[in-house]
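Enquirer: task: produce atomic coordinates for the following.
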Amino acid sequence: MSKATKQKLCFIIMPFHPDLMPVFTDAIKPACQQTGFKAVRVDELEGVYNINREIIEHIFISDAIIADLTNWRPNVFYELGVAHAISNKAIMIINKKDEIPFDIKMYSCILYEQNKAGLTKLAANLVKSLKSLEVWRKEPANPVQDHNPTICIPKRELDDIRGKLREKDDLLRRHDTAIDTLQKTLTEKNNLLQSNNAALTKMRNKLMAKEKLLRAAPTNADIKALQKQLKQKEHEIAALQKEANKLRALLK
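Expert: Take a look at the predicted model:
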């Protein structure tokens, strides 16, 4: 049996004021439910002992954030600033009666009216934003991200990219090691080849010297001619000895 898919969290940053509760109950919460998110307000958490720590923790761990800037509450601005600094997952909304803060005027902020029709429209706009979260979160959507665009990349994607880069680095290191080993082997083979070439050259020189000696040696025809000349000389010597003997006999 496959494990159930873990429900995504949408952390809600907004003033804790009774007048704004309908914005949460009639627009924000239904939009989250419709898109598979669990809407979480820190004042609804059970067993909260350090509310500031819970707020910061939920800003980090939530998959999406909806920040209502109505009434310009400092704590909302602070928490939104933290959200902008760590990721691109915050959807900003504000009541039409309030002016959009100067620092974020050029960024997307959903305007709403706090009446039945206005909250219905707000819920529809939030549904669109939550459904397209994975698309728009990849582009800079606040001043911090304009300065540091890598914040736009979700942590999971960054971790995946870093993991792939580490794998590539490991692969390159293994390739470098293999290349070094191959280079060493090629050097050894080259040295052996040079040694063999030197031995072959030495052997070739010896063979050439022997061939030269063989070429200088007399042939059978030369030997027969020499033997014939030798016999002629022997006959001449014998004739001279015979003449010498005759002369000796006359002198006696």
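
Enquirer: what residues does stretch 210-218 touch?
Expert: L226 (Cβ atoms under 8 Å, 6 or more residues apart in numbering). Just so you know, the C-beta spots here come from the backbone N, C-alpha and C atoms, and that holds for glycine as well.

Enquirer: now that stretch - C-alpha only, PDB.
Expert: Output of stretch 210-218 as PDB, limited to C-alpha atoms (Å, rounded to 0.1, in the frame of the first residue of the first chain):
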ATOM      1  CA  LYS A 210      77.000  -9.600 -41.000                       C
ATOM      2  CA  GLU A 211      75.400  -9.100 -44.400                       C
ATOM      3  CA  LYS A 212      78.300  -6.800 -45.300                       C
ATOM      4  CA  LEU A 213      80.800  -9.500 -44.300                       C
ATOM      5  CA  LEU A 214      78.900 -12.100 -46.200                       C
ATOM      6  CA  ARG A 215      78.900  -9.900 -49.300                       C
ATOM      7  CA  ALA A 216      82.700  -9.400 -48.900                       C
ATOM      8  CA  ALA A 217      83.400 -13.200 -48.700                       C
ATOM      9  CA  PRO A 218      84.600 -15.000 -51.900                       C
END
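
Enquirer: so how far is it from its chain's centroid?
Expert: 69 Å (Cα atoms, centre = their mean, to the nearest Å).

Enquirer: okay, now the unreliable bits of the stretch 101-250 of the chain?
Expert: Applying pLDDT under 70 to the stretch 101-250 of the chain flags the ranges 140-141, 147-158.

Enquirer: where do the strands of it begin and end?
Expert: Taking DSSP state E, counting those that start in this stretch as the criterion, the stretch 101-250 of the chain carries its strands at 110-112.

Enquirer: so what's the residue count around P101?
Expert: 14 (other Cβ atoms under 10 Å).

Enquirer: next, the contact list for it, please.
Expert: Contacts of P101 by Cβ under 8 Å, 6+ apart are L69, W72, F77.

Enquirer: check what contacts the helix or strand the last one falls within and list those residues.
Expert: In this case it means F77. If you go by DSSP states H and E, F77 is part of helix 74-86. Helix 74-86 is contacted from outside by 13-15, 55-56, 59-60, 65, 67-69, 89-90, 92, 101, 142-145, 151, using Cβ under 8 Å, 6+ apart.

Enquirer: just the buried ones from these, in PyMOL syntax?
Expert: Burial among these is assessed by 16 or more other Cβ atoms under 10 Å; the matching PyMOL selection reads:
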select buried, resi 13+14+15+55+59+65+67+68+69+89+90+92+142+144+145+151
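
Enquirer: so which of the contacts of helix 74-86 belong to strands?
Expert: Counting by DSSP state E, the part of these found in strands is I13, I65, A67, D68, A90, M92.

Enquirer: and the closest residue to A31 other than its chain neighbours, how many neighbours?
Expert: Leaving aside its chain neighbours, A31 sits nearest to L126 (3.6 Å; criterion: Cβ to Cβ, 6 or more residues apart in numbering). Applying other Cβ under 10 Å, we find 26 residues neighbouring L126.

Enquirer: do the one 3 residues further on as well
Expert: For S129, the neighbour count with other Cβ under 10 Å is 19.

Enquirer: surely it touches C109?
Expert: No. With contacts counted by Cβ atoms under 8 Å, S129 stays clear of C109, the gap being 10.9 Å.

Enquirer: got TSV for the ones in strands among the contacts of helix 74-86, with distance to Q194 and pLDDT too?
Expert: Compiled in TSV, the ones in strands among the contacts of helix 74-86 are given as follows (distance: Cβ to Cβ, whole Å; pLDDT from 0 to 100):
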residue	distance to Q194	pLDDT
I13	76	97
I65	71	96
A67	75	97
D68	81	98
A90	70	93
M92	74	96
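
Enquirer: turn these into JSON lines, including distance to Q232.
Expert: Shown next, in JSON lines, are the ones in strands among the contacts of helix 74-86 (distance: Cβ to Cβ, whole Å):
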{"residue": "I13", "distance to Q232": "133"}
{"residue": "I65", "distance to Q232": "128"}
{"residue": "A67", "distance to Q232": "132"}
{"residue": "D68", "distance to Q232": "138"}
{"residue": "A90", "distance to Q232": "127"}
{"residue": "M92", "distance to Q232": "131"}
